[in-house]
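> Just a sequence and a predicted model for now, questions to come.
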Amino acid sequence: MSTSQTILAWIFWLCLGGIAYGYGFYAALIRLASACWGRVHQPQAPLEGDLPEVSLLVCAHDEQDVIARRIANALESDYPADKLEIAIASDGSTDQTCAIVRSYADRGVRLIEYPLNRGKATALNETIPLLRGSVVVLSDANTFFDPPSIRRLVGWLADPGIVAVCGRLLLTDPQTGKNVDSLYWRYETFLKRCEGKLGALLGSNGAIYAIRREQFIPIPAATTIDDFVIPLVARLRHGGSIVYDPQATARELTPPDLTSEFVRRARIGGGGIQSMSDLWPLLNPARGWIALTFFSHKILRWLCPLMMIAMFAANLALLNRPLYRWTMALQVLFYLCSAVSVILPAGMRLAKPLRLAAMFTGMNAALLVGVIRWLLGNHQGTWRRTSRHAETPVELS
């Protein structure tokens with residue numbers, strides 16, 4: 001084997017190893033580590049009179065289809081009404097979102113209206129300092145909390161060693177309202193549990209998390225994955241840990257179509273690379289487990305599309321060797337399975353290998369689009385609303 005072929009072989013196996021580790025072996029490693037060195041945290045239960053004032057903040061842009069139900073859901077929380085501020089920050093809404101929110105003013109719902117759509121990060125930066133609560137619970141317009149969730153989140157922040165707490169998001173079918181968590185979502189939830197036990201949870205889910213108002217650090221206006229950046233920047237500045245509470249639950253409808261999910265994942269891909277300018281210190285091994293989780297769970301994920309391309313290209317250049325003809329055949333078969341699952345009629349139940357291949361390929365294609373947009377400077381902080389299902393209620397427990 002020539003020197004150039006040796007280099008190409010190294011590229012092929014390193015990329016294959018990186019992908020296999022990021023999506024497979026890391027899960028086994030983090031499970032073992034959490035079993036050996038992790039600990040199960042428990043939130044404190046403050047007395048009723050000691051509960052802090054809380055602000056539930058929802059940033060919205062043209063959410064007239066769901067905002068009334070979101071407010072109604074917030075008003076059903078079991079947190080004391082005199083200690084709960086419900087605030088809706090409208091970022092340049094042009095529909096009836098603001099009018100609907102104003103109709104709840106007599107029930108204490110606060111509208112903070114920004115006439116221009118400048119992006120969620122800017123809305124958060126300007127709104128959070130205006131809030132009344134010492135604890136800020138952040139959520140989305142299409143997310144619905146189970147009644148005890150706010151109380152659960154707040155209980156964690158009674159511990160000064162915790163900088164943020166993330167709840168559990170359950171995905172529901174838009175037609176039936178039933179829980180339809182996918183294999184991938186269950187896999188991600190499993191990783192959160194393990195990382196949380198090690199005090200190395202990475203960010204939060206924007207649907208349900210809480211942070212102390214005084215520990216909020218303004219983020220760059222172009223930030224697109226704010227729920228990932230805000231808790232980690234707070235941790236870098238103030239120390240402490242981010243915890244995951246699976247009993248603080250929120251529910252959200254699955255995206256109405258594959259295009260919406262593709263756009264969401266592309267945004268995450270570009271936003272992840274973008275966030276490195278603020279979060280690179282987390283890679284310092286002196287920070288402990290979080291350096292491992294950040295590299296394994298995030299950095300390798302964001303690089304996975306590039307590794308897939310490099311692996312395929314290196315394999316093409318090595319086809320004169322029998323082993324690499326087999327590896328190329330396996331790659332081609334994998335991508336053919338992904339393509340078949342896309343062209344088959346909608347609603348047809350596919351075998352699990354086909355579904356997994358399609359999910360993996362589609363997810364990484366979206367990440368690649370996001371990375372390319374970021375490299376081209378087309379990744380902006382302003383947002384467009386995601387298509388919502390307005391008619392089917394989410395079934396709460």
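Perfect, I can see it now.
> what's around the closest residue to Arg237 other than its chain neighbours, how many residues?
Nearest residue to Arg237 in three dimensions, chain neighbours excluded: Ile217, at 5.5 Å (C-beta to C-beta, 6 or more residues apart in numbering). To be clear about C-beta, it is placed using only N, CA and C from the backbone, and glycine gets the same treatment. As a burial measure, Ile217 scores 16 neighbours (other C-beta atoms under 10 Å).
> what about the strands in the stretch 151-300 of the chain?
Assigned by DSSP state E, counting those that start in this stretch, the strands in the stretch 151-300 of the chain fall at 162-172, 209-212, 241-253.
> Present these as CSV; the columns should include mean neighbour count, mean pLDDT and distance to Ala33.
Output for these, formatted as CSV (neighbours: other C-beta atoms under 10 Å; pLDDT from 0 to 100; distance: least, C-beta to C-beta, whole Å):
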stretch, mean neighbour count, mean pLDDT, distance to Ala33
strand 162-172, 24, 90, 19
strand 209-212, 25, 97, 23
strand 241-253, 21, 90, 15
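> Export the ones you listed as a markdown table, with columns for distance to Val369.
Output for the strands of the stretch 151-300 of the chain, formatted as a markdown table (distance: least, C-beta to C-beta, whole Å):
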| stretch | distance to Val369 |
| --- | --- |
| strand 162-172 | 23 |
| strand 209-212 | 27 |
| strand 241-253 | 23 |
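> if we can go back for a sec, so who does the residue nearest to Arg237 touch?
Ile230, Val233, Ala234, Arg237 (C-beta atoms under 8 Å, 6 or more residues apart in numbering).
> Now for the protein, the helix or strand with the poorest mean pLDDT.
helix 258-279 (a mean of 78; mean pLDDT, DSSP states H and E).
> From the contact counts, what lies against that helix?
helix 226-238, helix 300-317, helix 352-375 (3 or more C-beta pairs under 8 Å, 6 or more residues apart in numbering; DSSP states H and E).
> Distance from the chain centre to the last one, please.
Between the mean C-alpha location of helix 352-375 and the chain-wide mean there is a distance of 16 Å, by C-alpha atoms, centre = their mean, to the nearest Å.
> what comes up buried for it?
354-371, 373-374 (16 or more other C-beta atoms under 10 Å).
> what do you get for the first one?
By neighbour count on 16+ other C-beta under 10 Å, the buried set for helix 226-238 is Asp226, Asp227, Phe228, Val229, Ile230, Pro231, Leu232, Val233, Ala234, Arg235, Leu236.
> Could you give the number of residues near the closest residue to the fifth one other than its chain neighbours?
In this structure, Ile230 finds its nearest non-sequential neighbour in Ile219, 6.1 Å apart by C-beta to C-beta, 6+ apart. Residue neighbour count, defined by other C-beta under 10 Å, stands at 20 for Ile219.
> ok, Ile219 - contacts?
With contact set as C-beta under 8 Å, 6+ apart, Ile219 has these partners: Ala121, Leu124, Asn125, Asp226, Val229, Ile230, Val233, Asp278.
> surely Val58 meets Ile88?
Yes: contact status for Val58 versus Ile88: in contact at 5.3 Å, counting by C-beta atoms under 8 Å.
> Could you tell me which residues touch both of these two?
Common contacts of Val58 and Ile88, defined by C-beta under 8 Å, 6+ apart, comprise Ile67.
> Between those two, which is the more surrounded one?
Neighbour count, other C-beta under 10 Å: between Val58 and Ile88, Ile88 has more, with 28 against 22.
> Isn't the more buried one up against Ala68?
No: assessed by C-beta under 8 Å, Ile88 is found out of contact with Ala68, at 10.8 Å.
> all strands of the stretch 1-150 of the chain, in order?
Ranges of strands in the stretch 1-150 of the chain, per DSSP E, counting those that start in this stretch, are 54-60, 84-91, 109-114, 135-139, 143-145.
> With respect to Ile11, which of those strands lies nearest?
strand 135-139 (41.5 Å; C-beta to C-beta).
> avg pLDDT for that closest one?
On average, the pLDDT along strand 135-139 is 97.
> quick one: that strand to chain centroid distance?
16 Å.
> May I have that strand as PDB, with CA atoms only?
Listed next in PDB are the C-alpha coordinates belonging to strand 135-139 (Å, rounded to 0.1, in the frame of the first residue of the first chain):
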ATOM      1  CA  VAL A 135     -36.400  32.000  38.900                       C
ATOM      2  CA  VAL A 136     -37.200  32.000  35.200                       C
ATOM      3  CA  VAL A 137     -38.800  29.000  33.600                       C
ATOM      4  CA  LEU A 138     -38.500  29.000  29.800                       C
ATOM      5  CA  SER A 139     -40.800  27.300  27.400                       C
END
